[in-house]
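[1] Next input, structure requested:
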Amino acid sequence: MCGRYALTSTPTVIAERFHLLWTPEIAPRYNIAPSQTIPAVRETEQGRELAMLKWGLIPSWAKDASIGMKLINARGETLADKPAFRSAYRQRRCLVPADAFYEWKPVAGRKQPYCIRMREDGPFGMAGLWEHWKAPDGQTVESCTIITVNANALVAELHDRMPLILAPSEYDAWLRAESKELPPALPAQEMRYYPVSPLVSNARNDVPACLDPIDKA
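    So this is what the prediction gives:
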């Protein structure tokens, strides 16, 4: 799954990597958690934009927003079939920029957090879906979910699922929903991981130390 991640690249780097129409004004985040508002790249008639969406997809037919906490991730294998995701999968896809994501593994009777990132430490795009929902008070809420797939050989050492991380060459086809098939995820050799402080286990700790390596657990 993907329940925490970080986005620390500068706005200029994010704009260049995702070919945005403009440079976004976003601060670095070290411990992003579900239900928070997160930046997501989506296609418009004018080009790519960075939209701020609530993490936890709220289907258009939902009676209230609380369902979003159950839909922070969407299994890639069932996107075309699940009522909560199939409409967005056909026409409302996005990319969630990140520099790292976190996973926990049982070690000596406790859960040790690990940081997973690219070997070159640059930002990457996690495949996602977005949706709009009208609240009873008339307010429109835009939300998103991050797609997960079976873990590659590296991440499988920590967890059996991982976010669907796309190669930049796949961004256009994904955002334009040009294929019904999921694109391939990045291979294990392009990624690395290391243990980090238990600080990251508390979402209130959104500090640079969340990303710092610690002695091997």
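[2] what pairs with the residue nearest to Leu21 when sequence neighbours are not counted across the strands?
    Spatial nearest neighbour of Leu21, excluding adjacent residues (CB to CB, 6 or more residues apart in numbering): Gly47 at 4.7 Å. To be clear about C-beta, it is placed using only N, CA and C from the backbone, and glycine gets the same treatment. Beta-bridge partners recorded for Gly47 (DSSP bridges): Thr44.
[3] Report how many residues lie close to Gly47.
    Gly47 has 10 neighbouring residues, counting by other CB atoms under 10 Å.
[4] pLDDT at it, what is it?
    pLDDT, Gly47: 92.
[5] Quick check: it touching Phe18?
    No - here Gly47 does not reach Phe18: they are 10.6 Å apart, not a contact under CB atoms under 8 Å.
[6] where do the strands sit along this structure?
    Under the criterion DSSP state E, strands of the chain are mapped to 5-7, 29-32, 37-44, 47-55, 73-75, 93-98, 100-107, 110-118, 124-134, 140-150, 161-163, 165-166, 191-195.
[7] who wins for proximity to Leu175 among those?
    strand 37-44 (4.2 Å; CB to CB).
[8] Output the contacting helices and strands for the closest one.
    Under the contact definition 3 or more CB pairs under 8 Å, 6 or more residues apart in numbering; DSSP states H and E, strand 37-44 sits against strand 47-55, strand 93-98, strand 124-134, helix 171-175.
[9] That's all I had, so thanks and see you.
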